[in-house]
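J.: Could you work out the structure for the sequence below:
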Amino acid sequence: MKKLPLEGVRIADLTMMWAGPYATRLLAEMGAEVIKIESPNAWDNIRTLVPQPEATEPWNSSFYFNDYNRDKKSLTLDLAQERGRDVFLDLVKHCDIVIENYRADVLQKLNIDYPVLREAKDNIILVSMAGFGKTGKERTQVGFGPIIEQMAGLASLAGYGDDGEPYKTGISYGDPVGGVAAAGAVSLALINRRRTGEGCHIDLAQRETMAAMIGEAFVAASLRGEAPTHYGNRHPRFAPQGAYRCAGDDQWIVVSVRNDHEWRQLASVIGANEELASLGFDERQARHDELDATIEAWTIEQDAQPAMERLQDAGVPAGRVLDTVAIHDDPHLTARGYWVRLPHPKMTPWRQPASSWRMVEANPHLRRHAPLFGEHNEEILCGLLGLRSDDLRQLESQGIIADAPINPTVG
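T.: Have a look, this model is predicted:
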């Protein structure tokens, strides 16, 4: 088994919430040693978001936090205190990368911006993930995922309600997109440093990465000034196309017929009469409502999974609509070992997704649960930085490090 590509790389992780922690989770899966740094007074807010019911330590029992922070180490450090800042800069000397998603002016206010980090280590790589970047008039704004997806143009694709109000996607889509972009930026910066010996500062605006991901509609608007057309579950090039109810509560499959052959195959499976089976594309478009009713009269009697498989076997493009519960029992993902259970000292194990990046010769696997608050303080401060036990007690007495958040709230 070969080494994972980022083994031997150490990252000081100052990120919080979703976009940044998702980026560093990807990097940790690829073998990097990720040290998550939180202040006892200002911890990652998702530590206490959706904790396991009746948890005695909710800051160590959040499903949300554990999903995005597994395979990392935890160091608590108050960077607003001079001693905490000094310890952090000592840590930077042993790191390859610092990554943060603070508001654009925070690093400078803490006096740990890129010029200061370079004094600690001249070839350090800094990745900044401010929602709107480090420059421009919006640089001081706080960027949350729902805001970013609206300002990046995504709402124009998601559609509008009857009152004309634009829809959001239902998730903060800008966050994972920004996270993937940051993971890629780190990889490129490491390659560049290997070639040149130089570090760099990457200014990654999450709004810009989101805007670049809305596909052909973005190109059409840029080149021809075209506004997006909302087709719903139908597209002018395919007929019939739609989402069809299956047996059971909220069970669906989607079908998209691209040509006459696929329509004849579909008609055969659902038992449509010869007159319908012989319809060409233009006739199918004109009678789309009728065909939808015919298809759903068949699907409503079928379980979604076997119905999808039967259509696929007949060469008809079809897929099951999986909700967040049903996907855990999807036979394909189960066969690939996608769902894993990590032991956790404060939580009942639950199914989590494995790494989405598969390498035949160095396949990543989940090594450990997300760290408890301050779990690795002694390992990092004494083992890596050479502090003594007396130093740790002093840091604790000053509120610079801790093994639990100060005055935590849940929600």
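
J.: Report the beta-bridge partners for V127.
T.: Going by DSSP bridges, V127 is paired in beta bridges with I99, I202.

J.: residues touching it, list them.
T.: 23, 97-100, 182, 185-186, 189, 202, 204 (CB atoms under 8 Å, 6 or more residues apart in numbering). The C-beta positions use only the backbone N, C-alpha and C, and glycine is treated the same way.

J.: what does the strand or helix carrying H332 contact?
T.: Per DSSP states H and E, H332 falls inside helix 331-335. If you take CB under 8 Å, 6+ apart as the criterion, helix 331-335 is touched by 305, 327, 339.

J.: How many neighbouring residues does the second one have?
T.: I327 is flanked by 14 other residues according to other CB atoms under 10 Å.

J.: Kindly report the same for the last one.
T.: Other residues lying near W339 total 16 when counted by other CB under 10 Å.

J.: isn't it right up against R351?
T.: Yes. Here W339 reaches R351: they are 4.2 Å apart, a contact under CB atoms under 8 Å.

J.: between the two, what contacts are shared?
T.: Common neighbours of W339 and R351 are listed as H328 (criterion: CB under 8 Å, 6+ apart).

J.: all strands in the chain, in order from the N-terminus.
T.: Here the chain has its strands, by DSSP state E, at 10-13, 33-38, 72-76, 97-100, 125-128, 200-203, 241-245, 252-256, 318-321, 339-341, 351-353.

J.: now for the ones you listed, which one comes closest to D403?
T.: strand 72-76 (7.5 Å; CB to CB).

J.: As CSV, could you dump the C-alpha coordinates of the closest one?
T.: Extracted C-alpha coordinates of strand 72-76, given in CSV (Å, rounded to 0.1, in the frame of the first residue of the first chain):
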residue,chain,number,x,y,z
LYS,A,72,-8.2,16.0,12.7
LYS,A,73,-6.5,16.9,16.0
SER,A,74,-7.8,19.6,18.3
LEU,A,75,-5.8,22.4,19.9
THR,A,76,-7.5,25.1,21.9
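
J.: ok so, going back, which one of the strands of the chain lies nearest to R85?
T.: Nearest to R85, of those and by CB to CB, is strand 33-38 at 11.4 Å.

J.: Pretty sure V87 sits against L381.
T.: Yes. Between V87 and L381 there is a contact at 7.1 Å, judged by CB under 8 Å.

J.: where are the low-confidence patches of the protein?
T.: Within the chain, the stretches with pLDDT under 70 are 1, 410-411.

J.: For the residue nearest the centre of it, which non-adjacent residue is closest in space?
T.: The chain has P176 as the residue nearest its centroid, 3.2 Å off, counting by CA atoms, centre = their mean. Of all residues beyond its chain neighbours, the one nearest P176 is Y22 (5.5 Å), with distances taken as CB to CB, 6 or more residues apart in numbering.

J.: What is the neighbour count of that neighbour?
T.: Neighbour tally, Y22, other CB under 10 Å: 22.

J.: With G84 instead?
T.: Neighbours around G84, by other CB under 10 Å: 22.

J.: unless I'm mixing things up, the residue nearest to P176 is touching V177, no?
T.: No. Proximity of Y22 to V177 does not meet the contact threshold set by CB under 8 Å, at 9.5 Å.

J.: quick one, what contacts the nearest residue to R85 once chain neighbours are set aside?
T.: Excluding its sequence neighbours, the residue lying closest to R85 (CB to CB, 6+ apart) is L79, at 5.4 Å. Applying CB under 8 Å, 6+ apart to L79 gives the contacts 37, 39, 85, 88, 110, 112.

J.: Of the residues you listed, select the buried ones using a PyMOL command.
T.: Here is the PyMOL command that selects only those of these that count as buried (16 or more other CB atoms under 10 Å):
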select buried, resi 37+39+85+88+110+112
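
J.: a markdown table for the contacts of L79, including distance to S156?
T.: A markdown table is the format used below for the contacts of L79 (distance: CB to CB, whole Å):
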| residue | distance to S156 |
| --- | --- |
| I37 | 38 |
| S39 | 39 |
| R85 | 43 |
| F88 | 42 |
| L110 | 37 |
| I112 | 38 |
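
J.: The contacts of L79: which two are farthest apart?
T.: The widest separation within the contacts of L79 (CB to CB) is 12.9 Å, between S39 and I112.

J.: Now do the shared contacts for V87 and L381.
T.: With contacts defined as CB under 8 Å, 6+ apart, the residues shared by V87 and L381 are 387, 395.

J.: Go through the longest helix that the chain contains and flag the buried ones.
T.: Identified as the longest helix of the chain according to DSSP state H is helix 174-196. By 16+ other CB under 10 Å, the buried positions in helix 174-196 come out as 174-183, 185-187, 189-190, 193.

J.: wait, which of the residues you listed is closest to S61?
T.: D175 (22.0 Å).

J.: residue contacts, the closest one?
T.: 17-19, 22, 145, 148, 206.

J.: 6 Å instead, please
T.: By CB atoms under 6 Å, 6 or more residues apart in numbering, D175 lies in contact with 18-19, 145.

J.: Same check on D303?
T.: A247.

J.: how close does it get to C246?
T.: Remark: distance between D303 and C246 (CB to CB, to the nearest Å) = 6 Å.

J.: One more: W252?
T.: 6 Å.

J.: Give me the more crowded residue out of the two.
T.: Just comparing W252 and C246: by other CB under 10 Å the higher neighbour count belongs to C246, 23 against 19.
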